[in-house]
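1. This is the structure alone, sequence omitted:
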């Protein structure tokens, strides 16, 4: 079974631009969660989608948004990029419930904002 | 909000020595998960603990869940260079990850 895939793997943007990251979960998994990982803040939860609905949300500004499609693939968007948005963005898929199921992480997208 | 503490932040050990990392919560947990992230890699699920006082073993790794379900530990016996990485606890009832313990193993 193929693992979680994320595209692109690396991205360089400038302040003020916007970016869209993509995540394809493991086949059959319906929950997709997104995390931001930085050396200073560690792993921070952005949001979780299940069956095309945002089910849980972390404490990030409205510039961070996401969506999930009917095939469970998910995208996250960051608008008006700031230098502090430079981070590794990880998505994780789970069968139904990430709080009790195993979360399978993708390789991440490394975003650099200049 | 919920406070998550994980200690130590860093640990350097000689190969063959033991290693332990601890996660402590300010509130009672329903369950806890442990993940490992190798340098340059992504978090990989290790185990989930649900019951009070639960102990689970995976080869040289021993996981414990406290009786009060407020703390957990991961113990590695006789570390190897393959154990290098950062170990995170995840408080299953929400999406909070501990800050992680970075383990270095000197050959």
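-> That came in fine, so what should we check first? Predicted, not measured: the structure shown is a model, and the values here were computed from it. Numbering: from 1, shown residues only, chains lettered A, B, ... in the order given.
2. Please list the outside residues in contact with stretch B:51-68.
-> B:28, B:32, B:34, B:46-47, B:49-50, B:69, B:72-80 (C-beta atoms under 8 Å, 6 or more residues apart in numbering or on different chains). (C-beta placed from N, C-alpha, C; glycine too.)
3. Tell me the residues of chain B that contact chain A?
-> Those residues of chain B that sit near chain A, judged by C-beta under 8 Å from any C-beta of the partner chain, are B:31, B:33, B:35, B:41-45, B:48, B:88, B:90, B:92-100.
4. how long is stretch A:54-70 from one end to the other?
-> Taking C-alpha to C-alpha, to the nearest Å, the first and last residues of stretch A:54-70 lie 13 Å apart.
5. Now do it, average pLDDT.
-> The average pLDDT for stretch A:54-70 rounds to 95.
6. That one near chain B anywhere?
-> Yes: counting by C-beta under 8 Å from any C-beta, contacts between stretch A:54-70 and chain B involve A:56, A:58.
7. Check which residues of that stretch are buried.
-> Buried residues in stretch A:54-70, counted by 16 or more other C-beta atoms under 10 Å in any protein chain shown: A:56, A:58, A:60, A:64, A:65, A:66, A:68.
8. Which of those fall in strands?
-> A:56, A:64, A:65, A:66, A:68 (DSSP state E).
9. got a list of what the fourth one touches?
-> By that I understand residue A:66. With the criterion set at C-beta under 8 Å, 6+ apart, residue A:66 makes contact with A:34, A:46, A:47, A:49, A:54, A:74, A:75, A:76, A:77.
10. ditto for the second one
-> With contact taken as C-beta under 8 Å, 6+ apart, residue A:64 is in contact with A:46, A:47, A:76, A:77, A:78.
11. Tell me the most packed of those residues, by neighbour count.
-> Greatest neighbour count in the contacts of residue A:64, by other C-beta atoms under 10 Å in any protein chain shown, goes to residue A:78: 25 neighbours.
12. So for it, what's the pLDDT?
-> Residue A:78 carries a pLDDT score of 98 in this model.
13. Same check on residue B:44?
-> 96.
14. so who does it touch?
-> With contact set as C-beta under 8 Å, 6+ apart, residue B:44 has these partners: A:105, B:35, B:36, B:37, B:38.
15. Can you convert these into CSV and add a column each for pLDDT?
-> Compiled in CSV, those are given as follows (pLDDT from 0 to 100):
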residue, pLDDT
A:105, 96
B:35, 95
B:36, 97
B:37, 97
B:38, 97
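16. Quick check: strands, which of the residues you listed are part of them?
-> Helix and strand membership here follows DSSP E; of these, those in strands are A:105, B:35, B:36, B:37.
17. Now do the same contact list for the third one.
-> Contact criterion C-beta under 8 Å, 6+ apart gives B:43, B:44, B:46, B:85, B:86, B:87, B:88 as the residues in contact with residue B:36.
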